[in-house]
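*Asks:* output the structure for:
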Amino acid sequence: MHRYRVGRPASVTYGPGSSDGDDWELRFSTIGGERIVAELAREQMYELWIEVKGVPWPKSVDDYRRRDDLLGELVERANMACNEQLRDALTAIGGETQ
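*Replies:* All right, here's what the predicted structure looks like:
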């Protein structure tokens with residue numbers, strides 16, 4: 001068994017694992033800077049969620065995957081955009097640009 005001390009609370013994240021399965025991942029950053037990934041089956045993740053939050057989770061795996069797809073498309077388009085298009089995009093999603 002390996003024991004690690006987790007860093008600040010924001011260093012603990014979770015989300016769908018690979019895009020081709022129903023696995024989920026819990027990701028931790030240790031105080032020493034190591035990254036730890038624990039893989040859980042969908043059912044295990046759901047049980048953990050219920051135990052920690054006390055309520056059913058708000059989104060399905062498909063919602064998270066769709067968001068990942070949209071973010072990937074956004075990054076791809078941003079990489080091909082000119083500065084003016086990037087400023088317009090930033091303005092469209094809110095906030096001022098520099």
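*Asks:* walking through the protein, point out its helices one by one.
*Replies:* For the chain, the helices defined by DSSP state H cover 42-53, 61-80, 83-92.
*Asks:* pick the most deeply packed of those.
*Replies:* Comparing the helices of the chain by mean neighbour count (mean count of other CB atoms under 10 Å), helix 42-53 comes out on top with a mean of 13. C-beta here means a position set from N, CA and C on the backbone, and glycine is covered the same way.
*Asks:* just the CA trace of that one, in CSV.
*Replies:* Taking Å, rounded to 0.1, in the frame of the first residue of the first chain, the C-alpha atoms of helix 42-53 are listed here in CSV:
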residue,chain,number,x,y,z
ARG,A,42,-18.9,4.3,-13.2
GLU,A,43,-20.8,2.5,-10.4
GLN,A,44,-17.9,3.0,-7.9
MET,A,45,-17.7,6.7,-8.7
TYR,A,46,-21.5,7.0,-8.3
GLU,A,47,-21.3,5.3,-4.9
LEU,A,48,-18.5,7.6,-3.8
TRP,A,49,-20.4,10.7,-5.1
ILE,A,50,-23.5,9.7,-3.1
GLU,A,51,-21.4,9.1,0.0
VAL,A,52,-19.6,12.4,-0.2
LYS,A,53,-22.3,14.7,-1.5
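*Asks:* average pLDDT across that helix?
*Replies:* On average, the pLDDT along helix 42-53 is 83.
*Asks:* what's the angle between that helix and helix 61-80?
*Replies:* With axes from the mean of the first three to the mean of the last three CA atoms, to 10 degrees defining the directions, helix 42-53 sits at 90 degrees from helix 61-80.
*Asks:* how far does helix 42-53 sit from its chain's centre?
*Replies:* Helix 42-53 has its C-alpha centroid displaced from the chain centroid by 16 Å (CA atoms, centre = their mean, to the nearest Å).
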